[in-house]
Every structure is written in structure tokens, then in C-alpha cells.
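**Q** After the sequence you'll find the predicted model.
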Amino acid sequence: MPDIFIYHTLAQEITMINGLLIFILILFVVIFWRWPSIQNRLWRSKYKDFALNSQQKDILLRCMPIYKKMTDADRDKLERHITWFLNEKRFVGCDGLRLTSAMKLIVAADACVLVLNKPWPLYRNVKEILLYPSAYYAPQSTRDSAGLVSYHNTVRLGESWPGGTLVLSWHDVLEGNRLPSDGHNLVFHEFAHQLDQETGKTTGTPILKSSADYKEWGRVFSRAFTQLKSHVAYSMPHVIHSYGATNEAEFFAVLTETFLEKPAELRRYDPEIYSMLVNYYQFDPIVWH
């Protein structure tokens, strides 16, 4: 009788343990599945009382032409994104540059324009932004036809690393906002690379919503890229800067700059690719110009 009782008790305990393990597994799966939504609610709770102060808004009004042209609704969204970005991303001053809150604000504002209508987390892979005073030297290796590798330094304005680090020249960040319609904005360019790199590769194709979107992107993007290369090669007129003909990744980054800074010209030059970018970025920048 005692043996039967012990066996029965042990069986009950095993059943309870199995039930508990199944419950924990189900809970883990639910949390994992719902984590983006849960995390978003936690962030919204954390930042609900955060807002840009009047001094920060004045800086954006003076230094960021797009901000001045935005509707109140878009401006509110941008300000919420900036608040999140400033608190979630790390900024590092390099080569003697002493970072100020205004520097961080302007970089964050430009970066957040690209993801204005996208949910948190913004730039999920980005961990830190390194700011240099101006153009800087970066090591580069090249391999010749014989397979010999040589090392040298090159002058750069910015870089986007797949590991989540961006490097920016502060001088050129300012120039991007000082000349808002020239088709050049370093922050737009490098953060477009980050959107591209969220796929795990740097191919000029960011994460899209559906297989139909990928198919359409591939068709339109390939046609426009080939067209730009041809126009550059034969010195034909083109709205998109010639650097975009370097490769598909640079084409997407340069195309993003053109989309935001020369929207009317890009729409006239290539209505199809303009429409595709409006669909991807979920806004039409023409209303800001």
C-alpha cells in the first residue's frame, strides 16, 4: 500500500511538472510572438511624458528646413521619434569633437525623417553614431589582378556598418541641412544604408511588406539602376547623382537623398520609382517643399 501511494504521488508530481513545463513553454512562445507589441507598449509608457523642449524645437526650426514645412501631425510624430532615438541610441564624439545636445538632436531629426511613419523600434540594428568634426581618414584594402592586397587610407564623409555603427562628418551633416534641395544629405544617405542592411545584406533592397512588393521593387529598381548607369556612361541628363551608379546599395542611398531633397524633379524624371519610394517610406515629401 505505501509503495502504491508513493508511486501515485510521484506520478502526480511528474504530471504537475510536465504541465508546468508546457505552460512555461506556451508562455514563452506567446511572449516571443507578441514581444514587439509588448516592447512598443513599454516604450510608449516610458516616453509618454518625454517631449522636445522649446529650445530644441527652435534649433530644428533654424537648422532643419523640412521640419519647418511639416504639418503639425507630422511634426508631432517626428518629435516623438526623436525623443525615442536620443534615449535609445549612443552618440560618440571622435577626433576631438566635443558632442553637444544640439548635434545629437540634428542627427536624430534627420535620421527619423526616413522612418516617420514606421513603428518603434526605429533602426533596430543601430547601436551607436560616431561623429567626426569633418571628413576623416579610414583604412581600406584593395586586391589587384594578381591577388596582391594593398592597404591605404581614404578620405570619407560617412559610413554605415552592418554591425549597427554609423560614422558621420559633422560638417557634412550641417551642409545637408544648409542646402536642402541639392540632393545631398549625409544622414539620409547613411541611414538609408542601415534600412538596406536590416535584411542582413547590403543589396539596395530593404525589408518590404509582401512578395508582390519584392517583385515590383526588383523590376522597377533594376530598370532605374540600369537607366542611371547608361545615362552616366553616355553623359545624358539625370536627376539622380552619378554616385548612385556605383552599385545597387549606393543607388538606393542616393535615390533616398534625391527623393527627399528633389521630390518634384524625381517624380518628373521617373514617376514609377517615385511612386515605389512613396509606398516604401509611407510619405510624400513633395508636401514639404
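**A** Arrived safely.

**Q** From the opening residue of stretch 113-122 to its closing one, how far?
**A** Here the two ends of stretch 113-122 are set 11 Å apart, with distance taken as CA to CA, to the nearest Å.

**Q** Could you check how far it is from the centre of its chain?
**A** How far stretch 113-122 lies from its chain's middle: 8 Å, per CA atoms, centre = their mean, to the nearest Å.

**Q** Can you name the residues that contact the closest residue to residue 191 other than its chain neighbours?
**A** Closest residue in space to residue 191, ignoring its immediate chain neighbours: residue 111 at 4.7 Å, by CB to CB, 6 or more residues apart in numbering. Quick note: C-beta positions are derived from backbone N, CA and C, even for glycine. Contacts for residue 111 (CB atoms under 8 Å, 6 or more residues apart in numbering) come out as 85, 122-123, 187, 191.

**Q** Mind doing that once more with 7 Å?
**A** 85, 187, 191 (CB atoms under 7 Å, 6 or more residues apart in numbering).

**Q** And residue 137, by the same measure?
**A** Counted by CB under 7 Å, 6+ apart, residue 137 has contacts 153, 155.

**Q** what helix or strand does it sit in?
**A** In this assignment (DSSP states H and E), residue 137 forms part of strand 136-143.

**Q** Would you map the strands across the stretch 51-200 of the chain?
**A** All strands of the stretch 51-200 of the chain, identified by DSSP state E, counting those that start in this stretch, fall at 90-93, 128-132, 136-143, 149-156, 158-160, 165-169.

**Q** Of all those, which one is nearest residue 255?
**A** Proximity to residue 255 (CB to CB) singles out strand 158-160 among the strands of the stretch 51-200 of the chain, at 15.1 Å.

**Q** Residues contacting that closest one, please?
**A** So strand 158-160 is in contact with 138, 166-169, 172, 186, 189-190, 193-194, 197, going by CB under 7 Å, 6+ apart.

**Q** Please convert the buried members of those into ChimeraX selection syntax.
**A** Applying 16 or more other CB atoms under 10 Å to these, the buried members can be selected in ChimeraX as follows:
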select :166,167,168,169,172,186,189,190,193,194,197
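
**Q** returning to that earlier point: can you list the strands that the strand holding residue 137 pairs with?
**A** With DSSP bridges as the test, strand 136-143 is paired with strand 149-156 (antiparallel).

**Q** angle of the partner strand against strand 165-169?
**A** 60 degrees (axes from the mean of the first three to the mean of the last three CA atoms, to 10 degrees).

**Q** For strand 149-156, which outside residues touch it?
**A** Residues contacting strand 149-156 (CB under 7 Å, 6+ apart): 135-143.

**Q** and if you look at stretch 169-184?
**A** 63-66, 97, 103, 106-107, 110, 131-136, 157-158, 185-187, 241, 257-258, 261-262.

**Q** Residues in a beta bridge with residue 90, which ones?
**A** Here residue 90, judged by DSSP bridges, has bridge partners residue 128.

**Q** what residues are up against the residue nearest to residue 110 when sequence neighbours are not counted?
**A** Closest residue to residue 110 apart from its sequence neighbours, by CB to CB, 6+ apart: residue 187 at 3.6 Å. By CB under 7 Å, 6+ apart, the contact set of residue 187 is 107, 110-111, 168, 173, 176.
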